[in-house]
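Engineer: Using only what follows, build the 3D model:
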Amino acid sequence: LEEFDVSAMLDNVASTISPLMDKNKNRFELHIDESVGMARADITKTRQTLFNLLSNAAKFTENGAVSLSATVEIRDDKEFLVFRVSDTGIGMTPEQVQAVFAEFTQADASTTRKYGGTGLGLTISKRFCQMMGGDITVESELAVGTTFTAFFPVIVVDTTKSPDSQLAPKLSPTSTGEMSVAQGLVLVIDDDPTVRDLIVRSLAKEGFSVGVATNGQEGIRIARELKPDAITLDVMMQGMDGWSVLEQLKSDPSLMHIPVVMISIVDDRTRGFALGAAGYLTKPIDRQKMVDMLKTLSRKATIPDGFGQILVIDDDPNQCDMVKRTLEKEGCIVEIVENGLKGLEKLKTFAPDLIVLDLMMPEMDGFQFLTELQKTEDGRSIPVIVVTAKDLTNEDRQQLHGVVQEILIKSAYERDNLLNKIVQLISAQIQKYDEDGV
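Structural biologist: Below you'll find the predicted structure:
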């Protein structure tokens, strides 16, 4: 919590959101009542709440008007900051209004195709306001427009000594599983407010919904609640550092599929990729590079032409068949062998762009295969994704450190999620090659 000038914060929000308004030729108006002055609250959550509400308003309004107003009202003998975001957009039916914070469904399929989903941004915003002792309400009329009202005390009480009081109601599996967002939901985990706000503003400009966490433990908790499409994670944090957070994320079956982009002053991308990171950025952050990377990671990936030879080494015929069918749909050439020994033999006649490797196999297991693969320069240059049902020990992970690009646990995934993740990782590997000039 910090004291801040609300008017200055609103001017910053208006400046940041301006490109989204211009995109759909909307007129934007900012109204600040003279009662508004200083406040003591979480400025990052406040700013992000307004970004999310304004982003949705801009997206669902064309050649219309969007307004943001701020005033102070007395509620239950306390002063509350009240923000209203109004638009002249497509509006909602009464049924949609009732469900808007749990599951948003647009007017019809053609509207969904035209505008995309609004998704978790509203749920995040409501949660942020609740954490500060307030809430968000909505009024809407179909084909007329919508008004969201966000409010919380002018002076927010610090409840950090009682962690449970910070917990908002958990999101339902339906709301997290079926919502979509224009550019996806990104969770930013960083204890540096300057860097955190820079990332939030950069992503908001591009239409992302953004959740924030100020430390590692909070980040893990919020990740479990929101199930974001991607996570940015600072390495150098006090208390639980980024590597510890990454380890917990990748050992949690409900979170391990979420792509994580590590951010650090030190370029330690080899360690990051070995521990399961999907991307790595060094400070000072190249904003466009970050945005492009998160756009790639937060949507379903496809494999470009010319990067299509995949070697699958696995003795599970059902698993192999699923992987083969999915990757061949993406235009890949897929070869399958049932153990590491045959994998080494296949490499003499087949030059894969990527290897998908099981660890537990007869004759030569995955660990032995990797040892042999690392003995040649050509072998060391082939990215490897481990897909295994083995319960990995710390010793196993250390052995894989620096040798494989990603570790996926078979039992932790629905079939479609597992296969989509493989496709996404292949796409991310292409991006890494492009960045490195390979």
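Engineer: I figured residue 267 hits residue 282, correct?
Structural biologist: Yes. With contacts defined as Cβ atoms under 8 Å, residue 267 counts as touching residue 282 at a distance of 5.1 Å. Where C-beta positions appear, they are placed from N, C-alpha and C, glycine not excepted.
Engineer: Looking at the two, which is more packed in?
Structural biologist: Between residue 267 and residue 282, counted using other Cβ atoms under 10 Å, the more crowded position is residue 282 (16 against 12).
Engineer: how about the more buried one, phi and psi?
Structural biologist: Main-chain dihedrals, residue 282, degrees, to the nearest 10: phi -110, psi 150.
Engineer: Over to residue 54?
Structural biologist: Per-residue torsions, residue 54: phi -70, psi -40 (degrees, to the nearest 10).
Engineer: and it, how many neighbours does it have?
Structural biologist: Residue 54 has 26 neighbours, counted by other Cβ under 10 Å.
Engineer: contacting residues for the closest residue to it other than its chain neighbours?
Structural biologist: Across the structure, with Cβ to Cβ, 6 or more residues apart in numbering as the measure, the residue nearest residue 54 apart from its sequence neighbours is residue 17 (4.7 Å). For residue 17, the contact set (Cβ atoms under 8 Å, 6 or more residues apart in numbering) comprises 28, 51, 54-55, 58, 204-205.
Engineer: now those in a markdown table, with distance to residue 88, pLDDT and secondary structure?
Structural biologist: A markdown table is the format used below for the contacts of residue 17 (distance: Cβ to Cβ, whole Å; pLDDT from 0 to 100; DSSP: H, G, I helix; E, B strand; the rest coil):
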| residue | distance to residue 88 | pLDDT | secondary structure |
| --- | --- | --- | --- |
| 28 | 12 | 95 | strand |
| 51 | 20 | 87 | helix |
| 54 | 14 | 91 | helix |
| 55 | 16 | 85 | helix |
| 58 | 12 | 89 | helix |
| 204 | 22 | 82 | helix |
| 205 | 22 | 82 | helix |
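Engineer: Surely residue 33 is in contact with residue 70?
Structural biologist: Yes. Using Cβ under 8 Å as the test, residue 33 is close enough to residue 70 to be in contact (6.4 Å).
Engineer: which of those two has more neighbours?
Structural biologist: When neighbours are counted by other Cβ under 10 Å, residue 33 and residue 70 differ, and residue 70 comes out ahead with 21 against 11.
Engineer: Can you name the residues that contact the more buried one?
Structural biologist: 6-7, 10, 31-33, 36, 81-83.
Engineer: Tell me which helix or strand it sits in.
Structural biologist: Counting by DSSP states H and E, the secondary-structure element that holds residue 70 is strand 65-75.
Engineer: In its sheet, which strands sit next to that strand, and in what direction?
Structural biologist: Here strand 65-75 is paired, per DSSP bridges, with strand 27-32 (parallel), strand 78-87 (antiparallel).
Engineer: Please identify the buried residues of the last one?
Structural biologist: In other words, strand 78-87. When neighbours are counted by 16 or more other Cβ atoms under 10 Å, the buried residues of strand 78-87 are found to be 80-87.
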